[in-house]
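Enquirer: mind looking at a prediction? Sequence and model below.
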Amino acid sequence: MKQNNSQTTGTISITRRQFIQRSVMTAVFAWPMLASARMFGTNDEIRVAVVGCGGRGGAHIAGFAGQKGVKIVAVCDPDRQRLKATADMIETKYKYRPDEVVDVRKLMERKDIDAFSIATMQYWHSLPTIWACETGRDVYVEKPLAHFIWEGRQMVNAARKYNRLVQVGTQARSRDTDRQSYEFIRSGQLGKIKYIFCFANKPRKPIGKRTEPLPIPDYVDYELWCGPARKEPIYRDRLQYDCSFIWNTGDGESVNQGVHELDMARWVLGETGLPRRMMSIGGRFVFNDAGEVPNTQISYYDYPSAPIIYEVHNMLASKTATEPPNYRNSRTDTCVQCEGGYVMMHAGAVMDNDGKQIKKFTGSERHFENFIQAMRSGKREDLHADILDGHISTNICHAGNVSYRLGHKANAAEMRAQIGDLPLFQETLDHYLTHLKAHEIDPGESLLGPWLEWDEENERFKHNRKANKLVRGFYRKPFDVPKVKM
């Protein structure tokens, strides 16, 4: 009888070739510690690698290269066209040319990098953050921190295990208007916080709906571009940013933008975890495209200190309107309603209960500078947006989306019944239904998500297996996100 050349463990059988391939891949991802923890003096040069050459990558380059004593030594992107254009821009503007690297794993092997600046889409945030921590580098990583709740915890664990500084791109923490608003509210001059209304009225357009898959340009390494996400055909019109509106690679407005507003809300409340329960209602209406995430959504976060509402409008105010809806004459902000008035935190505007402005804060934002300052001091407490804060605030947003994704079609009466005796949420539902009516949309096309209860100790939902599958997420080999043990 011919011998089966395989290794068997329990019920799992793999061939010798598979075993060798897996062993090699494991070796590739088992990075040596290439840098040791250090503080940088005032005159020491800090060498940064920017991963992701899209719009936020450009902001990262401007934020770091414009600082004295900071140099961009490498840029990285699986899109060679964007990669070259970014290197050309740096050479033209800053008079030196960084290395162009397609595969981020190659950067991990280098010894001339002190910090990684990660400006990819969120499904590619966790791996380079963890790898950079493992190899002894500090990290600035864009928001939202992670694509799934579980992987965000692994990122936090990596930062703590390897004693690295990791700043999250929730830049409102370094914006003067928000910081002064925070201090004013916490001073108690407006009395107790009654509720917080967060909102994003950001007009979006359909992303297309193709009958044939989008051709992948030969200058894009699609295997690397997909990374941990499923490698599947694309039926939208653009490869890049519009991946935000597909669950495989994105999380929609309520996470991508929402983390800014909800981070401010949690900060000003002084909450250090998720709400005890949450619920979401919404839908993707009118666009008729390949998008999957909602373009209209309301979420309720039931904190004991004060409730938080988040509202998303990606459509205009009505079928004939030329502008999106607004909340108290503002498009996107965190409105903290107190007993004696309210504060628009991003705008730095303090209003009385009649809508009259009584105080105005101004200033600038220095989030990249804060990260470099923390690297020079070597103190985690100097970071304005430590990874743990980014993790918690991102999780709030994800929790609302998990409720939405588990939802079912329901009419307005069912929505009202499930909301129950929560006047603020009922009022927000009125706004939601009025918006749908302005677009002649049947409310019954909405998805009504369930109430979900949060288990803070175990960072998962209580008694809901389907919800916890979305907490854990999915990964494509060999780009599995590792469990980082403390």
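Expert: Now that the structure is in, tell me what you want to look at.
Enquirer: max-length helix in this protein?
Expert: Taking DSSP state H as the criterion, the chain has its longest helix at helix 387-405.
Enquirer: could you give the mean pLDDT of that one?
Expert: Averaged across helix 387-405, pLDDT comes to 98.
Enquirer: over to stretch 269-283?
Expert: 98.
Enquirer: in space, what's closest to Leu262 - neighbours in sequence excluded?
Expert: Ile396 (5.0 Å; CB to CB, 6 or more residues apart in numbering). In short, each C-beta sits where N, CA and C put it, glycine included.
Enquirer: and if you look at Ile234?
Expert: Nearest to Ile234 is Leu214, by CB to CB, 6+ apart, at 4.2 Å.
Enquirer: then Lys84?
Expert: Glu100 is the one closest to Lys84 (CB to CB, 6+ apart), at 6.4 Å.
Enquirer: mind checking the SS state of the one you found?
Expert: Put simply, Glu100 is strand when judged by DSSP: H, G, I helix; E, B strand; the rest coil.
Enquirer: what is the burial count for it?
Expert: 16 (other CB atoms under 10 Å).
Enquirer: partner residues bridging it?
Expert: As for beta bridges, Glu100 partners with Val75 under DSSP bridges.
Enquirer: so how far is Gly282 from it?
Expert: 41 Å (CB to CB, to the nearest Å).
Enquirer: likewise for Leu388?
Expert: Distance from Leu388 to Gly282, by CB to CB: 29 Å.
Enquirer: neighbour count winner among those two?
Expert: Set Leu388 next to Gly282 and count neighbours by other CB under 10 Å: Gly282 wins out with 27 against 20.
Enquirer: spit out the contact partners of the spatially most central residue of the chain.
Expert: The centre of the chain sits closest to Pro144, judged by CA atoms, centre = their mean, with a distance of 1.2 Å. Going by CB atoms under 8 Å, 6 or more residues apart in numbering, Pro144 touches Gln122, Asp251, Val255, Asn256, Val259, Gly390, Thr394, Cys397, His398.
Enquirer: nearest to Glu453 among those?
Expert: His398 (15.1 Å; CB to CB).
Enquirer: thought the closest one was touching Trp150?
Expert: No - with contact defined as CB atoms under 8 Å, His398 does not count as touching Trp150 (10.1 Å).
Enquirer: these two - which one has more neighbours?
Expert: In terms of neighbours (other CB under 10 Å), His398 is the more surrounded of His398 and Trp150; the figures are 26 against 19.
Enquirer: could you measure from the residue nearest to that one when sequence neighbours are not counted over to Asn395?
Expert: In space, not counting the residues next to it along the chain, His398 is nearest to Ile149; the distance is 5.3 Å by CB to CB, 6+ apart. For Ile149, the distance to Asn395 equals 5 Å [CB to CB].
Enquirer: what do the two both touch?
Expert: Here Ile149 and Asn395 have Glu459 as joint contacts, going by CB under 8 Å, 6+ apart.
Enquirer: more neighbours: which of the two?
Expert: Taking other CB under 10 Å, Ile149 and Asn395 do not tie; Asn395 has more neighbours (27 against 23).
Enquirer: how much space separates that one from Gly273?
Expert: In terms of CB to CB, Asn395 sits 9 Å off from Gly273.
Enquirer: distance of the nearest residue to Tyr123 once chain neighbours are set aside relative to Cys243?
Expert: Counting by CB to CB, 6+ apart, the nearest residue to Tyr123 once its immediate chain neighbours are dropped is His147, at 4.4 Å. His147 sits 11 Å away from Cys243, taking CB to CB as the criterion.
Enquirer: which one's more surrounded, these two?
Expert: His147 (28 against 20).
Enquirer: who touches that one in this structure?
Expert: Here His147 is in contact with Gln122, Tyr123, His125, Ser126, Pro228, Thr249, Asp251, Gly473 (criterion: CB under 8 Å, 6+ apart).
Enquirer: in the stretch 101-250 of the chain, what residue spans correspond to strands?
Expert: Per DSSP state E, counting those that start in this stretch, the stretch 101-250 of the chain carries strands over the ranges 115-118, 138-141, 166-168, 193-201.
Enquirer: tell me the domain ranges of the chain?
Expert: 29-172, 176-364+387-462 (automatic domain parsing).
Enquirer: okay, and the common contacts of His398 and Trp150?
Expert: In contact with both His398 and Trp150: Val471, using CB under 8 Å, 6+ apart.
Enquirer: can you give me the helices for the stretch 151-300 of the chain?
Expert: With DSSP state H, counting those that start in this stretch as the criterion, the stretch 151-300 of the chain has helices at 176-186, 222-226, 253-256, 258-269.
Enquirer: done for today, thanks.
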